[in-house]
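Novice: output the structure for:
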Amino acid sequence: MNPVMRGYADLLRLQFFFAWPLLFCSGYLLATSVYGVFSWYDLAKVALIGFFGFEAGFVLNDYVDRSMTPGT
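Specialist: Alright, predicted model coming up:
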């Protein structure tokens, strides 16, 4: 794999890409079982929020860690 692409994959932790949407979607499905309002459109939005939200958090965390490290 190209070293640049490998770096991006490591930064985004793409090996766990399925875990975060799965967690968010399970919470959504639990809420719909209690309140009884299910929508495939909302499920897709929840999956995207779970994926992009966690990915943004990973990138922000690495950025802050790098900027707080002395000498960089």
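
Novice: what's S26 in contact with, if anything?
Specialist: Taking CB atoms under 8 Å, 6 or more residues apart in numbering, we find S26 in contact with no residue. Yep, even glycine has a C-beta here, placed from its N, CA and C like the rest.

Novice: okay, it: pLDDT?
Specialist: Turning to S26, the model gives it a pLDDT of 94.

Novice: which helix or which strand is home to it?
Specialist: Using DSSP states H and E, S26 maps to helix 19-35.

Novice: chain center to that helix: distance?
Specialist: The chain centre lies 15 Å from the centre of helix 19-35; the measure is CA atoms, centre = their mean, to the nearest Å.

Novice: lowest confidence element among the helices and strands of the protein?
Specialist: Using mean pLDDT, DSSP states H and E, the weakest-scoring helix or strand in the chain turns out to be helix 3-12, at a mean of 86.

Novice: list the buried residues in it.
Specialist: Across helix 3-12, burial judged by 16 or more other CB atoms under 10 Å covers L12.
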